[in-house]
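1. Got a predicted model here, sequence first, then my questions.
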Amino acid sequence: MLLGDYRVEVIPDTDFKLDGGAMFGVVPRVLWERVCPPDELNRVTLTANCLFIDTGKKKLLIETGMGEKWRGKEARIYGIERKRPFADSLREIAGCGTEDIDIVVNTHLHFDHAGGNTVGAHPPRVQPPPTTAKYQPQFVNARYLVSRSEFEKAERPHERERASYLEANWEPLIDSKQLDLIPDEYEPVEGLTVSQVRGHSETMQTVKVTRGGQTLFGFFDMIPTRHHLPLPWIMSYDLFPSETLEFKKRILPTAVEENWICHFYHDVEMPLARLIELDGKIVATTLPNLARQ
């Protein structure tokens, strides 16, 4: 897809599963199961829709997915059944290799957003037990951009999100001197703004790309799927749910009015959509043409 002079592609990582009740918070199961049917363990299927942006001068990747370090019990807990390496998806969809990525942006360092920052130093079938020393950066020529405030939270996390931060996803980047700590709001390339917003966590960021008179907005975990568009549909994972609510009240009417292309990071079926108001509700509609322009 072209956004002005930038090429944008969705690079999906592996599907995984999380508890449906946690994903939909106070919404009763009888409602959310109609749109996200759970499995026998009450888990709903999610994915990680990473964004690739080619500016013509720089190639960027926003988020790196779950990563390929999951083994045994943890892989079973999250229902991970990887079909192919992320590097293969990147090459097939974007036409480039991991070595061609210039900039990696992490909106935050939770494992489902930063898990692909690093990979094992050994082939997957002989991967030793996970320890930070056994991993290396997946994108060997990239600068990895993370806000300083998010990095400090990851190093000293809140008790409720401690399990979401895995040091193996960023410590090898420090060792390789590829990690850049950035302000809470910054512009890695012209027209791409990364901004902090409190809600899901204290220091998570959203992404806005404006080129050629069009805007693409990435909600990431503030609105993880199109099913989370209704105002009360907020994850139990959110540390500040009332602020997530206020964000949705503020941002969604603007997205409708300005006809933004909206990116849903965890949506299995609709990673990109436009929003319309229908019968007093804001809903997602498929883009009429996602073919290359």
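-> Thanks, I have it. Numbering: from 1, shown residues only.
2. for F220, what are its contacts?
-> Contacts here follow Cβ atoms under 8 Å, 6 or more residues apart in numbering; on that basis F220 touches E63, T107, H108, H113, H200, M204, Q205, T206, V207, Y265. Heads up, the C-betas are built off the backbone N, CA and C, glycines and all.
3. Which of these lies at the shortest distance from E190?
-> V207 (14.1 Å; Cβ to Cβ).
4. Secondary structure and distance to T286 for the contacts of F220 - can I get that in CSV?
-> Formatted as CSV, those follow (DSSP: H, G, I helix; E, B strand; the rest coil; distance: Cβ to Cβ, whole Å):
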residue, secondary structure, distance to T286
E63, coil, 22
T107, coil, 24
H108, coil, 28
H113, helix, 24
H200, coil, 25
M204, coil, 27
Q205, strand, 26
T206, strand, 22
V207, strand, 21
Y265, coil, 17
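5. Report the mean confidence score over stretch 216-230.
-> What stretch 216-230 shows for mean pLDDT is 98.
6. Please identify, among the contacts of F220, the one with the most neighbours.
-> T107 (30 neighbours; other Cβ atoms under 10 Å).
7. tell me the contacts of that one?
-> Here T107 is in contact with I62, E63, H113, V194, M204, Q205, T206, V207, G218, F220, D221 (Cβ under 8 Å, 6+ apart).
8. What of L166?
-> Contacts of L166 (Cβ under 8 Å, 6+ apart): F111, G115.
9. all helices for this structure, in order.
-> 20-24, 29-32, 72-77, 86-94, 111-114, 148-155, 171-175, 241-257 (DSSP state H).
10. what about these, which gets the closest to E277?
-> Closest among the helices of the chain, once you apply Cβ to Cβ, is helix 241-257, at 5.6 Å.
11. if we can go back for a sec, tabulate the helices of the chain in TSV, adding columns for distance to F139.
-> Listed next are the helices of the chain as TSV, based on distance: least, Cβ to Cβ, whole Å:
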stretch	distance to F139
helix 20-24	29
helix 29-32	35
helix 72-77	23
helix 86-94	10
helix 111-114	12
helix 148-155	18
helix 171-175	10
helix 241-257	30
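12. And the strands in the stretch 101-250 of the chain?
-> 103-105, 118-120, 135-137, 143-147, 179-182, 185-189, 192-196, 205-211, 214-218 (DSSP state E, counting those that start in this stretch).
13. Same question for stretch 95-113: list its buried residues.
-> Neighbour counts over stretch 95-113 (16 or more other Cβ atoms under 10 Å) mark 98, 100-113 as buried.
14. Show me which pair in these is furthest apart.
-> D100 and H110 (25.6 Å).
15. which residues are contacting stretch 97-105?
-> Contacts of stretch 97-105 with the rest of the structure, by Cβ under 8 Å, 6+ apart, involve 58-64, 86-87, 90-91, 117, 138-145, 188-189, 194, 207.
16. follow-up on the earlier one: now, among the buried residues of stretch 95-113, which is nearest to E33?
-> Nearest member of the buried residues of stretch 95-113 to E33, counting by Cβ to Cβ, is D112, at 21.8 Å.
17. show me the contacts for that closest one.
-> D112 neighbours (Cβ under 8 Å, 6+ apart): F16, L46, A48, G65, M66, S164, H266.
18. circling back: mean neighbour count, the helices of the chain: which tops it?
-> helix 111-114 (a mean of 26; mean count of other Cβ atoms under 10 Å).
19. quick one: that one to chain centroid distance?
-> With Cα atoms, centre = their mean, to the nearest Å as the basis, helix 111-114 stands 7 Å off its chain's centre.
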